[in-house]
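Visitor: Provided below for reference: sequence and predicted model.
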Amino acid sequence: MSVARVTEITASSTVSFEDAVTQGIARADKTLRHVEGAWIQDQKVIVRDGAITEYRVNMKVTFVLAD
């Protein structure tokens, strides 16, 4: 039997939403063991002087707890 936990993280990128997700998962994987998946809860852009300067995602990451 395994038990999983969900944690919420926010990641950002100046390139795209996809890049923000990729960076967020990579960072979570450095800290959390047994990352199994994630779902995107929210997407947001930061606008400065009429242009998008940052893409942000709030995601919930699922990881399995070690025995």
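Guide: Nice, thanks for sending it over.
Visitor: grab the nearest non-local neighbour of Gly37.
Guide: Leaving aside its chain neighbours, Gly37 sits nearest to Thr62 (4.9 Å; criterion: Cβ to Cβ, 6 or more residues apart in numbering). Placement of C-beta: from N, CA and C, glycine included.
Visitor: which parts of the chain are helices?
Guide: 17-31 (DSSP state H).
Visitor: separation between the residue nearest the centre of it and Tyr55?
Guide: With distances taken as Cα atoms, centre = their mean, the residue of the chain nearest its centroid is Gly24 (3.8 Å). Counting by Cβ to Cβ, to the nearest Å, the gap from Gly24 to Tyr55 is 11 Å.
Visitor: any buried residues in stretch 24-32, and which?
Guide: Residues of stretch 24-32 classed as buried by neighbour count (16 or more other Cβ atoms under 10 Å): 24-25, 28, 32.
Visitor: avg pLDDT for that stretch?
Guide: Stretch 24-32 shows a mean pLDDT of 95.
Visitor: got the confidence number for Ser2?
Guide: Taking Ser2 on its own, its pLDDT is 84.
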